[in-house]
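Engineer: What would the 3D arrangement of this be:
(2 chains)
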Amino acid sequence: MEKSLDLINARIRDGSARVVTADEMPGIVDELGEEGALAEVDVVTTGTFGAMCSSGAFFNFGHADPPIRMEHVWLNDVEAYAGIAAVDAYLGATQEAVSRDQVYGGAHVLEELVAGGTVELRATSHGTDCYPRRSITTELLLEDMNQAIMVNPRNSYQRYNAASNTTDRTLNTYMGTLLPRCGNVSYSGAGTLSPLVNDPEFRVIGSGVPIFLAGAEGMIVGEGTQHSAGGGFGTLMVTGDMKQMHQEFLRAAVMNGYGVTLYLGVGVPIPVLDTGIVRSTAVRDEDILTEIIDYGTPRRDRPSLARVSYADLKSGSVEIDGETVRTSPLSSYRGARAVAQELKARIEAGKMELALPTRRIDPTKRGRPMRETAVTPRVRDIMNRQVISITEDEEIRVAAKRLLRGETNHLPVLDGNGTLVGIITTYDVSKAVVNDGRLRQVRDIMTRNVIKTIPDEPVDIAAQKLEQNNISALPVVDATNRVVGILSAIDLGKLFGGRRRQ
Amino acid sequence: MKLLLTFSRKGRADPGREPVIARVVKETGVLINVEKANIDSMAGEVLIDVPDRSADQIRQRLEELGVSVHVMENAIARDEGECIDCGACISICPQEVFSFDEEWQLRVNSERCVLCGKCIQACPHGALSQQG
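Structural biologist: As a prediction, the model looks like this:
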């Protein structure tokens, strides 16, 4: 049996359509079988409510008198992109205000407008014959704008990697606060309720399909940026009229130490046309797998610590290397349910009909990393290869002499085999002299937990190590922990002295 | 019940280096659980947990000894208008103050809170604050 979209829409119009939320579907299929579920259910509603950084809105402010061709635009001190004609601008959710005490950004402006608040528009221009005005400041409500059209380049990830942190310090990331030594796991996404998980082949989710976007009846534009459905990370570009949106489903947020983001409620209704769709909408949390990624590795390709399902993540704890680690979501499952239920209520009330894609989204496409034409400078490019070092059994006065003679402030300390076991600085030596001089050998005063780097490490990451640990040099070691160089803050200065490679 | 004790080096009633808490335990026989202590050069703050029925007695005796005592009714406050029930606070809290109920609504068991403040910073929606 198959069902046509016309039949489903006719049922929506006469109020007889059977609409269920995606989390109900597995139970229905268990009870009625696939054919039975196809006969019973007309529409499955999905929903997600979480951080969607890649969001924003186009505004048209109308013309002032005398008119201005806005070149730079700020809304409540948050800069919007104004390189589009005279009185249009695009405000991105993560753009931050320059002159506020608290972290405040585009997302806050969007929420303020949807909540009915006033926003200050400030714009400047160089003035032209047709647009003579040089500056303008005015206060606007959402209703004062000709258009306020939300266009989000990348929303509604199919699933997302969970995050943990193997380093010794707390990390502040876009995945929230990650405690040291895998102290917690943070995850995002609604699992079984997530829109794209319920149609991974993109059979009925595609361009032109009506959706719920933060309370408005929005629409799918097409694939989202970074869409990578071939790897299970599909995304959508979506649009909707901000004037129809509700604050309940559009909330500004701040990730501590990271920045501003926007929480959005997005839901896609799925017409149940055949048993293929019955099967894909019967997906359970147990079936949706994701990796727990170590955000302690500050690189693009981060190692995976474990493979888990959304059922595992939602249970409140997972196992990493035999240890139980607590999990918590960043996205709101309660909010996701509210989206799916609101969408269901609208369809049941005949307020929203469904449509098939006018253009399909490629379910096999994969995102690629950036092509980098300039070589990222590595530690080996700027490190100092003339390393002055010392062994741990030398006397402190020998170390002092060596520091003086070498005109350096850092001495890597080696054991009898030449491997790195510690580091001492001029400060350590001075301290030892002041403290009654009872300490004799280098090993008595050296720092054993050495912060170090490797020749292949990008310079940016080595610089971050210096800054985070408030130190001024890093021994450079090879795979066997032998010192092959030393990188000091002075070496980093070379990069900015015009010697950056092309 | 949790009591927040403030020791000041400036006040006239400064208990100095007196072992105040130990003395109160010895005198009253009430077992006090010290949950957190911050001491710096001019002042100290100690969070203690005492059985509800002994709270008044302990409070009175501590105040006699020169300590200012603040009863922590609701250590951590959740603004329901701002909270969206995401749960970002759950796994970063060392005391398991936060959890979900069956409807995925955030539940706050503030009795367990030791005022570490981690959740206040971690909440993406600025929904958590410490009651003074």
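
Engineer: If you count neighbours, what's buried in the helix or strand of chain A with the lowest mean pLDDT?
Structural biologist: Lowest mean confidence among the helices and strands of chain A (mean pLDDT, DSSP states H and E): helix A:489-494, at a mean of 80. Using 16 or more other C-beta atoms under 10 Å in any protein chain shown as the test for burial, helix A:489-494 gives A:Asp491, A:Leu492. Using the backbone N, CA and C atoms, a C-beta is placed for each residue, glycine as well.

Engineer: again with stretch A:140-158
Structural biologist: Going by neighbour count (16+ other C-beta under 10 Å), the buried part of stretch A:140-158 is A:140, A:142, A:145, A:148-150, A:152-158.

Engineer: What about chain B: which of these touch it?
Structural biologist: Residues of the buried residues of stretch A:140-158 in contact with chain B (C-beta under 8 Å from any C-beta of the partner chain): none.

Engineer: could you dump those residues to TSV with pLDDT and secondary structure?
Structural biologist: Compiled in TSV, the buried residues of stretch A:140-158 are given as follows (pLDDT from 0 to 100; DSSP: H, G, I helix; E, B strand; the rest coil):
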residue	pLDDT	secondary structure
A:Leu140	98	strand
A:Leu142	98	helix
A:Met145	97	coil
A:Ala148	98	strand
A:Ile149	98	strand
A:Met150	98	strand
A:Asn152	98	strand
A:Pro153	98	strand
A:Arg154	98	strand
A:Asn155	97	strand
A:Ser156	95	coil
A:Tyr157	95	coil
A:Gln158	93	coil
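
Engineer: where along the stretch 51-200 of chain A do the helices fall?
Structural biologist: Assigned by DSSP state H, counting those that start in this stretch, the helices in the stretch 51-200 of chain A fall at A:106-114.

Engineer: Tell me where it has strands.
Structural biologist: Applying DSSP state E, counting those that start in this stretch to the stretch 51-200 of chain A gives strands spanning A:56-60, A:72-75, A:78-80, A:88-92, A:119-124, A:135-140, A:147-155, A:162-164, A:171-173, A:176-178, A:185-187.

Engineer: all helices in chain B, in order from the N-terminus.
Structural biologist: Under the criterion DSSP state H, helices of chain B are mapped to B:20-28, B:55-64, B:118-122.

Engineer: other SSEs contacting the last one?
Structural biologist: It stands for helix B:118-122. If contacts are counted by 3 or more C-beta pairs under 8 Å, 6 or more residues apart in numbering or on different chains; DSSP states H and E, helix B:118-122 sits against strand A:176-178, strand B:128-130.

Engineer: okay, those strands, which one's buried deepest?
Structural biologist: Mean neighbour count (mean count of other C-beta atoms under 10 Å in any protein chain shown) peaks for strand A:176-178 among these, with a mean of 27.

Engineer: which helices and strands sit right next to it?
Structural biologist: Using 3+ C-beta pairs under 8 Å, 6+ apart, the elements in contact with strand A:176-178 are strand A:162-164, strand A:171-173, strand A:185-187, helix B:118-122.

Engineer: Within the sheet, what are the partner strands of that strand, with directions?
Structural biologist: When pairing is defined by DSSP bridges, strand A:176-178 lines up against strand A:171-173 (antiparallel).

Engineer: can you list the residues of chain B near chain A?
Structural biologist: Residues of chain B lying near chain A by C-beta under 8 Å from any C-beta: B:84-92, B:99, B:103-105, B:118, B:121-122, B:124-126.

Engineer: ok, and which of the helices of chain B has the densest surroundings?
Structural biologist: helix B:118-122 (a mean of 20).

Engineer: Please enumerate residues in contact with it?
Structural biologist: Helix B:118-122 is touched from outside by A:176-177, A:256, B:76, B:88-89, B:92-94, B:97-98, B:128-130, with contacts defined as C-beta atoms under 8 Å, 6 or more residues apart in numbering or on different chains.

Engineer: same deal with stretch A:319-328?
Structural biologist: Counting by C-beta under 8 Å, 6+ apart, A:162, A:164, A:182-187, A:292, A:305-306, A:312-318, B:87-92 sit against stretch A:319-328.

Engineer: got the CA positions of whichever strand or helix holds A:Glu31 in CSV?
Structural biologist: Assignment of secondary structure by DSSP states H and E places A:Glu31 within helix A:25-40. Extracted in CSV, the C-alpha atoms of helix A:25-40 (Å, rounded to 0.1, in the frame of the first residue of the first chain):
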residue,chain,number,x,y,z
MET,A,25,6.3,5.8,16.2
PRO,A,26,8.5,2.9,17.4
GLY,A,27,5.7,1.8,19.7
ILE,A,28,3.0,2.1,17.0
VAL,A,29,5.1,0.0,14.6
ASP,A,30,5.7,-2.6,17.3
GLU,A,31,1.9,-2.9,17.8
LEU,A,32,0.5,-2.6,14.3
GLY,A,33,3.4,-3.7,12.1
GLU,A,34,4.7,-1.6,9.2
GLU,A,35,1.6,-2.0,7.0
GLY,A,36,-0.7,-1.3,9.9
ALA,A,37,1.2,1.8,10.9
LEU,A,38,1.1,3.0,7.3
ALA,A,39,-2.7,2.6,7.3
GLU,A,40,-3.0,4.3,10.7
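
Engineer: Appreciated, that's everything.
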